[in-house]
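**Student:** What follows is a predicted structure for the sequence shown.
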There are 2 protein chains.
Amino acid sequence: MTDTKIFNGLNTVQMTETVAAIKNQPQIGAFQFRAKNKWIDGGLNRSEIQGFYGAGQEDTSRAKPFVYTNSEPPLLLGGNEAANAGEFLLHALAGCITTTFVLHATARGIRVDEVSTSLEGDVDLQGLLDLDKSVSPGFEAIRVKMNVKADCSDEQLDELLAFAGEHSPVTQTIRRPVPVRLERVTSKSESA
Amino acid sequence: MTDTKIFNGLNTVQMTETVAAIKNQPQIGAFQFRAKNKWIDGGLNRSEIQGFYGAGQEDTSRAKPFVYTNSEPPLLLGGNEAANAGEFLLHALAGCITTTFVLHATARGIRVDEVSTSLEGDVDLQGLLDLDKSVSPGFEAIRVKMNVKADCSDEQLDELLAFAGEHSPVTQTIRRPVPVRLERVTSKSESA
């Protein structure tokens, strides 16, 4: 690690302090992320993302919510207003593996010059449509091709890439079974 | 099913034809979704989403790529330029469960008046930071609260909601273990 405060775009002083704080008080590592979504019509719906809980308190750093739309292409009965949910999952995966890679490279003092990824996910609509019970509705497999330039050997890059996969929250949410509990609620107002 | 062509915002004629086509030729249900992503700096990166393969051919309906940014809040060393990857995963989940619900309601002739969802996902950063090997880096659990108004009984709603969860591609990608294969490539040009 150099004594530069910003390295790979990350504040290494804050990073070291955050890691030390969670080491000392493991409970502040507990985060809760959130989203609210409203159906518009057909395959069109929209999410708002703003607050989250982390480091022992509610985060209030976002003055306004981020707004993202899900849509479908005409082939899947939509109007191409936005990417679809499966594609957003790939966007989330790409971002998480990249940030986890850069974070751990930074912790090891490795300068990262370039990261670009290309993702493919296979899904068989027979599952979604309940046409074949032996077909999972989810992605069957996802492949991530990652082009990385950094000031370390290819062996270190391969090790770091595998390490990033093993520690990336979204990668591990996909690789491991995670419970998704669905509950029907009755809201008193118009919004959930 | 009424004889209206558009029901719940979906073209029911096209829907019925698509289901029949996949029943007759199961191989046209095989889809491949894609994303490309480039690291910008720190926790900031950006995806482009455009083409996909489905119904036996490359889709060319999108003249331009959709562009989405991943960022982090200041607490996680970022500048709040956009939601983070974990939040995008919740956005994808909300969209997929909603669209799957509306699709199967439509197939059963149930009119949907309102769907709004509220999602929470718990993640312990000790996993990401490699501080405790017994902690998964991924989401520990995700809860989806769904407020639905439709012209059917509460019992039908509960059954349809559970059915949507069992057939939603993103829900099943999270609930079941899905392989994510990471491969390092060397690109000859600047982009992946």
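**Tutor:** That came through, no problem.
**Student:** what's the neighbour count on the residue nearest to A:Pro177 when sequence neighbours are not counted?
**Tutor:** Distances taken as C-beta to C-beta, 6 or more residues apart in numbering or on different chains put B:Pro177 closest to A:Pro177, at 5.3 Å, once the chain neighbours are dropped. Using the backbone N, CA and C atoms, a C-beta is placed for each residue, glycine as well. Neighbour count for B:Pro177, taken as other C-beta atoms under 10 Å in any protein chain shown: 13.
**Student:** With A:Leu90 instead?
**Tutor:** A:Leu90 has 27 neighbours, counted by other C-beta under 10 Å.
**Student:** did I read that right, it in a helix?
**Tutor:** Yes: with DSSP: H, G, I helix; E, B strand; the rest coil as the criterion, A:Leu90 is located in a helix.
**Student:** Need the pLDDT of it.
**Tutor:** Each residue has a pLDDT score; the one for A:Leu90 is 99.
**Student:** My read is that it contacts B:Lys36, right?
**Tutor:** No: counting by C-beta atoms under 8 Å, B:Lys36 is not a contact partner of A:Leu90; they are 9.4 Å apart.
**Student:** Now list whatever residues contact both of those two.
**Tutor:** Shared contacts of A:Leu90 and B:Lys36, defined by C-beta atoms under 8 Å, 6 or more residues apart in numbering or on different chains, comprise A:Leu119, B:Ser47, B:Ile49.
**Student:** By neighbours, which of those wins?
**Tutor:** Highest neighbour count within the shared contacts of A:Leu90 and B:Lys36: B:Ser47, with 27 neighbours (other C-beta under 10 Å).
**Student:** Does that residue lie in a helix or a strand, and which?
**Tutor:** strand B:44-49 (DSSP states H and E).
**Student:** Do a quick rundown of the helices in chain A.
**Tutor:** Using DSSP state H, the helices found in chain A span residues A:12-24, A:85-107, A:125-128, A:154-167, A:169-175.
**Student:** The third one - what's its average pLDDT?
**Tutor:** It refers to helix A:125-128. 98.
**Student:** What score does A:Thr186 have for pLDDT?
**Tutor:** Listed pLDDT for A:Thr186 reads 84.
**Student:** Which residue, neighbours along the chain excluded, lies closest to it?
**Tutor:** Leaving out its chain neighbours, the residue that sits closest to A:Thr186 by C-beta to C-beta, 6+ apart is B:Asn147, at 6.5 Å.
**Student:** Kindly report the same for A:Asp151.
**Tutor:** Distances taken as C-beta to C-beta, 6+ apart put A:Arg111 closest to A:Asp151, at 4.6 Å, once the chain neighbours are dropped.
**Student:** Am I right that that neighbour is in contact with A:Lys149?
**Tutor:** No: counting by C-beta under 8 Å, A:Arg111 sits too far from A:Lys149 to count as a contact (9.6 Å).
**Student:** Which strand residues bridge A:Glu114?
**Tutor:** Going by DSSP bridges, A:Glu114 is paired in beta bridges with A:Lys149.
**Student:** brain fart, A:Tyr68
**Tutor:** With DSSP bridges applied, A:Tyr68 shows beta-bridge pairing to A:Ser47.
**Student:** Residue nearest the middle of chain A, spatially speaking?
**Tutor:** Nearest residue to the geometric centre of chain A (C-alpha atoms, centre = their mean): A:Ala92, 3.5 Å.
**Student:** isn't the residue nearest to A:Pro177 right up against A:Arg176?
**Tutor:** Yes: counting by C-beta under 8 Å, B:Pro177 touches A:Arg176, with 5.8 Å between them.
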